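Asks: I would like the atomic coordinates for the input below:
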Amino acid sequence: MKSSFTHLFYIKKSKADVNQKANIYLRITVNGKRSELSIDRKVPIDKWNSIANKVKGFSKEAQEINQYIELITNKLNKIHQKFVDLGKPFTSLNIRDKYLGKDQNQKMLLKIFQDHNNQVEKLVGKEFAEGTALRYRTAKSHIEEFIKFEYKVNDIAVTEVDHKFITGFEYYLKTERNCAHNTAIKYITNFKKVIRIVYANGWITKDPFFNWKARLKTVDRQFLSELEIEDLINKQFGIPRLEQVRDLFVFSCFTGLAYADVRKLKKENIVIGIDGNKWINTKRKKTDTISNIPLLPTSLALIEKYATHKNIVNSDKLLPVLSNQKMNAYLKEIADLCGITKNLTFHLARHTFATTITLTNGVPIESVSKMLGHKSLKTTQHYAKIIDRKVSDDMNVLKEKLNIGKKNTSDSSEKSKKSI
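Replies: Below is the predicted model of the structure:
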């Protein structure tokens, strides 16, 4: 694609000094995007010809400045032509940096991001979970697409990352990529960690994230009620795949395990716990934290049901888990058949375990947190807030029922007044 290129010399009259002299600035524009710099020359504001972009008159000072402006113009044209001859995309910043001699040995953003991601990949299973590596890969991919979309180049110098870049990236994620607010913030937070490494290494002189704050919106996590779980368990399906997916979902409802953790469960993960009963002993794939979960009768029955499944008999796997995409697609069918209007995804089972199965039934939040494999109790406390909301709703129902009591009390009060 052909790039438009223009340049302009101008002064800022409002910033003239006490002698009514103003700095001369150069503005470079490529495809509508500007970059500016001072050419380190001053001129009396009444001597500047804004139409001709040069100093008026033929004084020695005017001739010297005009010759300097002409030299800059020639240099800019040569730089521009070189970029065109190379056939590579460029920005106004590229031309400015080339003019200033700052383009040598520049640290490039995507190169740094990829180097970071390569290190994360090598530490998967040691310091990072696969899910973390995936998020960094996705964040880097979004940054790459944003640079092509906004700057029309394949990469930019890391020194070009500023507050405008960050807010522009956030807007791009929400509009062009249709990311929800919290999703966009999480990708930017991944990007922020890379930029902090850049800053720590001295490759940039100031932190562009200094005035940017991550503000996540509170999201109400859905979960199934006790009645919905019962209806789901009792539903008869004529299609084996739907019955299998339903069973795996219910298994997660009664263990709190996420999809990735159910998928990687092996027979060796079933152990005898401190109480002499069967427990699940595993590490969460996402956080690499230990989860010890006593098996409830429903979970045990499902393990026994699939012990003779063709994909389990000669395998070390515990359950026949389909791909995440298929599981969630089939769960949509199951929701329709069961009359469940909530967005039924496999992860909703984990929320159901935390709320309906455990906290609602009086299991202490510390125990729930440990079974869920949360690193911080604060993460689990979000579910407690949901339970508080349920308590509030239940109490409002009770208040409506107690209106009868209020009526009786009111009638008795009126009778008392009349007798007096």
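Asks: okay, now the nearest residue to residue 57 once chain neighbours are set aside: neighbour count?
Replies: Distances taken as Cβ to Cβ, 6 or more residues apart in numbering put residue 47 closest to residue 57, at 6.5 Å, once the chain neighbours are dropped. All C-beta spots, glycine's among them, are computed from the backbone N, C-alpha and C. Residue 47 sits with 18 neighbouring residues when counted by other Cβ atoms under 10 Å.
Asks: spit out the contact partners of residue 47.
Replies: Residue 47 makes contact with 55, 56, 57, 62 under the criterion Cβ atoms under 8 Å, 6 or more residues apart in numbering.
Asks: for residue 116, see how far away it is.
Replies: In this structure, residue 47 and residue 116 are 52 Å apart, going by Cβ to Cβ, to the nearest Å.
Asks: so, low pLDDT: which residues of the protein?
Replies: Residue ranges of the chain with pLDDT under 70: 1, 102-105, 219-220, 385-390, 393, 403-420.
Asks: which is the next helix or strand following the longest helix that it contains?
Replies: Within the chain, and with DSSP state H defining each element, the longest helix by residue count is helix 60-86. Next helix or strand after helix 60-86 toward the C-terminus (DSSP states H and E): helix 92-100.
Asks: helix 60-86 and that following helix, what's the angle between them?
Replies: With axes from the mean of the first three to the mean of the last three Cα atoms, to 10 degrees as the criterion, the two stretches helix 92-100 and helix 60-86 enclose an angle of 120 degrees.
Asks: ok, which stretches of the stretch 251-400 of the chain are strands?
Replies: Taking DSSP state E, counting those that start in this stretch as the criterion, the stretch 251-400 of the chain contains strands spanning 270-272, 278-283, 290-294.
Asks: so which of those comes closest to residue 325?
Replies: Taking Cβ to Cβ as the measure, the strands of the stretch 251-400 of the chain were each checked against residue 325, and strand 278-283 came out nearest at 23.0 Å.
Asks: so how far is residue 329 from the residue nearest to residue 57?
Replies: Following Cβ to Cβ, the distance that separates residue 47 from residue 329 is 73 Å.
Asks: next one: residue 197
Replies: Where residue 329 is concerned, residue 197 sits at a distance of 39 Å (Cβ to Cβ).
Asks: re the thing from before, next, format the strands of the stretch 251-400 of the chain as JSON lines and append distance to residue 235 and mean neighbour count.
Replies: Written out in JSON lines, the entries for the strands of the stretch 251-400 of the chain read as follows (distance: least, Cβ to Cβ, whole Å; neighbours: other Cβ atoms under 10 Å):
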{"stretch": "strand 270-272", "distance to residue 235": "27", "mean neighbour count": "12"}
{"stretch": "strand 278-283", "distance to residue 235": "25", "mean neighbour count": "18"}
{"stretch": "strand 290-294", "distance to residue 235": "25", "mean neighbour count": "17"}
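Asks: for those, which one sits closest to residue 132?
Replies: Each of the strands of the stretch 251-400 of the chain was scored for nearness to residue 132 using Cβ to Cβ, and the closest is strand 278-283 (14.2 Å).
Asks: contacts for the closest one?
Replies: The list of residues contacting strand 278-283 from outside it, by Cβ under 8 Å, 6+ apart, reads 255, 257, 261, 264-265, 269-273, 289-295, 300, 373.
Asks: dump that strand to PDB, restricted to CA.
Replies: The C-alpha coordinates for strand 278-283 follow below in PDB (Å, rounded to 0.1, in the frame of the first residue of the first chain):
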ATOM      1  CA  LYS A 278     -11.500 -41.900  48.500                       C
ATOM      2  CA  TRP A 279     -10.200 -38.400  47.600                       C
ATOM      3  CA  ILE A 280      -8.900 -36.700  44.500                       C
ATOM      4  CA  ASN A 281      -5.300 -35.600  44.900                       C
ATOM      5  CA  THR A 282      -4.200 -33.400  42.000                       C
ATOM      6  CA  LYS A 283      -2.400 -30.100  41.000                       C
END
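Asks: packing partners of the helix or strand harbouring residue 7?
Replies: Per DSSP H and E: residue 7 is located in strand 5-11. Packed against strand 5-11, as judged by 3 or more Cβ pairs under 8 Å, 6 or more residues apart in numbering; DSSP states H and E, are the following elements: strand 21-30, helix 60-86.
Asks: so which of the ones you listed is nearest residue 378?
Replies: strand 21-30 (47.4 Å).
Asks: residue closest to the middle of the chain?
Replies: To find the centre residue of the chain, average its C-alpha atoms and take the closest one (Cα atoms, centre = their mean): that gives residue 186, at 2.3 Å.
Asks: any idea how far that residue lies from residue 369?
Replies: Residue 186 is 22 Å from residue 369, by Cβ to Cβ.
Asks: same question for residue 145.
Replies: Relative to residue 369, and taking Cβ to Cβ, residue 145 is found at 38 Å.
Asks: okay, these two: which has more neighbours?
Replies: For residue 145 versus residue 369, neighbours defined as other Cβ under 10 Å are more numerous around residue 369 (20 against 14).
Asks: need the contact list for that one.
Replies: Residue 369 makes contact with 377, 379, 380 under the criterion Cβ under 8 Å, 6+ apart.
Asks: which residue packs closest to the second one, ignoring adjacent ones?
Replies: Right, the one you point to is residue 379. Going by Cβ to Cβ, 6+ apart, residue 379 has residue 369 as its nearest residue, at 7.4 Å.
Asks: quick one, helices of the stretch 51-200 of the chain?
Replies: According to DSSP state H, counting those that start in this stretch, the stretch 51-200 of the chain carries its helices in the segments 60-86, 92-100, 109-122, 130-151, 163-175, 181-200.
Asks: same deal with the stretch 251-400 of the chain?
Replies: 259-263, 297-305, 324-338, 346-352, 365-372, 377-401.
Asks: quick check: which of these is buried the most?
Replies: Burial of those is given as mean neighbour count (mean count of other Cβ atoms under 10 Å); helix 346-352 ranks first at a mean of 22.
Asks: contacts for it?
Replies: Residues beyond helix 346-352 that count as contacts (Cβ under 8 Å, 6+ apart) turn out to be 221-224, 229, 248-250, 252-253, 256-259, 324, 327-328, 331, 342, 372, 383.
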